[in-house]
Each structure stands twice: as structure tokens, then as C-alpha cells.
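Chemist: sequence and predicted model, in that order:
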Amino acid sequence: MKLGGAFGKAARAVAFGRHMPPAKIARRFELSIRRTARDLWAITPADRPAPKRASSLLAALFAPRRGTVEPQGEVARLTFLGKTETLPIPNIDFGAPGPAPEYQLWRMNLHYMEYLEEVDDPLWVSLVDAWMDANPQGRRGAWKDSWSSYALAIRVVVWMQELARRAGRLPGSFVRRAEASLAGHLRFLEHNLETDLGGNHLIKNIKALIWGASYFTGAEAARWRTTGARLRRRIGSNGSGHGGPCASRWTGGAIQ
């Protein structure tokens with residue numbers, strides 16, 4: 001990075017920090033340390049079994065989204081933010097269309113995986129399998145896109161809703177693998193909540209925890225529910241406008 005660019009970045013960081021409460025600055029620092037450590041030592045947690053699935057799974061609140069993916073044989077056209085890319089399927093390049101900063105939001109949409117809602121069961125399984133193979137938690141820089149807490153929070157809700165919608169139609173071995181990955185996602189999110197940012201980022205984090213608490217059972221699920229409910233109350237009481245009736249619809253009334 002050129003010297004002028006470095007000074008400019010530092011100046012923006014200082015200006016931004018002046019308007020942040022000390023608790024948020026401390027949280028930002030803590031998350032930065034964790035991200036640096038993961039990048040330096042490629043830290044990957046040991047595999048752990050998923051909690052037991054709940055006997056009754058919540059249905060999605062809204063109809064599946066349409067218009068973002070168009071499978072065409074061995075490729076698919078994916079359109080986000082007005083930009084279309086043609087990628088091979090199922091082994092998608094999850095770094096597409098490239099590492100440049102101007103492509104980051106497009107890459108993030110690729111990792112949200114909301115397009116899974118409009119594909120058939122075989123392609124759904126193949127795409128989720130491909131994502132799990134290509135995106136280990138310990139990959140350097142993963143926190144910027146595939147394991148960004150924001151992208152992760154959107155993705156896990158999509159997976160849980162779709163697993164519920166497609167229940168009984170997917171191979172059991174795949175479901176077990178996907179659920180183990182979901183549990184790993186939620187454990188990661190629990191320790192990397194975006195309380196430094198708040199706003200829509202934290203809303204998505206909370207929604208993911210609450211959906212996870214409804215999808216799984218046991219001590220971990222209870223803890224996710226407690227954490228999500230506590231943060232939801234905090235948002236509702238600070239005048240941010242994200243509490244109230246809309247918040248109660250996050251999980252179809254899973255918590256009240």
C-alpha cells in the first residue's frame with residue numbers, strides 16, 4: 001500500500017472511531033485480533049457433532065426468492081447487483097468474479113447462497129457440498145467473505161429453511177454433513193457476533209442464532225436462544241427501530 005493510501009486509511013479509521021462508543025471500539029479490536037490470529041495460524045476448530053435436530057422444524061416465512069440463478073447444463077448464470085457471471089456448476093468458483101475490492105459485494109452475495117431457494121434438490125445438494133469442500137473455516141482471509149459473520153448469518157438461515165422445506169427428500173448422509181456444518185457455523189457466529197457494528201449486521205446475526213436454536217435442541221441451542229433473545233431485547237430498547245412487531249416475525253414466533 002502506498003504511504004498516502006495508508007495515511008488516508010488511518011485517518012478514516014480515526015474519524016470513524018471518534019463516533020463509536022468505547023464498548024464497540026473494544027469489540028472491534030477484539031475481533032481484529034481474532035481475525036489476525038486465524039490468518040497467521042490458519043486456525044480450524046476440531047470437528048464436533050451437531051446437536052440433535054428438533055422434532056418439528058420451522059417453515060420459511062416467505063416464498064422462495066426467484067431470478068438470481070439460471071442453470072444451463074454444466075454452468076449457471078448468477079445475477080447479483082445487476083452483474084451477471086456464468087460459472088461452472090456444481091463446482092462453483094466461490095472467489096468469482098475476482099479478489100478486487102469492487103467485486104466484494106458480489107462475492108458476498110455468492111456466499112449468502114439465497115439462490116439455493118430456486119434450484120432443484122440434486123443441484124441444491126451439489127452446491128452445498130461444493131461450498132463445504134471449498135470454504136474451510138481456517139482459510140486465510142475467510143472472515144472477509146465466506147466466513148464473514150454477516151454472510152454466514154444469512155447463509156445458515158437459508159440452509160435451515162431449505163433443509164426443513166426439503167425434509168425427507170435429501171440423502172441422509174448429506175443432511176448429517178450439512179447439519180454438522182451448520183453447527184460449526186453457529187458456534188463460530190456465537191464468538192464473532194458483530195456487536196461492534198450493530199444495525200442490520202447484528203439483526204442478521206441474531207436471526208441466525210434464533211433459527212439455530214429452533215432447528216437444534218440441547219444445551220447449545222438453549223444458549224443460542226438466550227444470546228439471541230438478550231441481544232434482541234437490547235436492540236429493541238435502544239431506540240434503533242429494529243425491535244417491536246417486525247422482530248417478532250424473525251422466526252415465525254419461535255421466541256416471544
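Modeler: Arrived safely. Because the structure is predicted, anything quoted here is derived from the model rather than measured.
Chemist: for this structure, what spans make up the strands?
Modeler: 69-72, 75-80, 83-88 (DSSP state E).
Chemist: and the second one with strand 83-88, angle?
Modeler: Compare the direction of strand 75-80 with that of strand 83-88 by axes from the mean of the first three to the mean of the last three Cα atoms, to 10 degrees and you get 150 degrees.
Chemist: relative to strand 75-80, what are the paired strands and their orientations?
Modeler: strand 69-72 (antiparallel), strand 83-88 (antiparallel) (DSSP bridges).
Chemist: tell me the buried residues in it?
Modeler: The neighbour-count check on strand 75-80 (16 or more other Cβ atoms under 10 Å) flags 76, 78, 80 as buried. Bear in mind the C-beta positions are built from the backbone N, C-alpha and C, glycine included.
Chemist: mind listing what residue 163 touches?
Modeler: 57, 170, 175, 178-179, 215 (Cβ atoms under 8 Å, 6 or more residues apart in numbering).
Chemist: these in helices, which ones?
Modeler: Those of the contacts of residue 163 mapping onto helices are 175, 178-179, 215, per DSSP state H.
Chemist: which one of those residues sits closest to residue 131?
Modeler: Set against residue 131, the nearest of the ones in helices among the contacts of residue 163 by Cβ to Cβ is residue 178 (9.8 Å).
Chemist: ok, that closest one - how many residues close by?
Modeler: 22 (other Cβ atoms under 10 Å).
Chemist: out of the ones in helices among the contacts of residue 163, which is most surrounded?
Modeler: That'd be residue 215 among these, by other Cβ under 10 Å, with 28 neighbours.
Chemist: count the residues that sit near the residue nearest to that one when sequence neighbours are not counted.
Modeler: Closest residue to residue 215 apart from its sequence neighbours, by Cβ to Cβ, 6 or more residues apart in numbering: residue 160 at 4.7 Å. Applying other Cβ under 10 Å, we find 25 other residues in the vicinity of residue 160.
Chemist: output the strands of the chain in JSON lines, with mean pLDDT appended to each entry.
Modeler: Output for the strands of the chain, formatted as JSON lines (pLDDT from 0 to 100):
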{"stretch": "strand 69-72", "mean pLDDT": "96"}
{"stretch": "strand 75-80", "mean pLDDT": "97"}
{"stretch": "strand 83-88", "mean pLDDT": "97"}
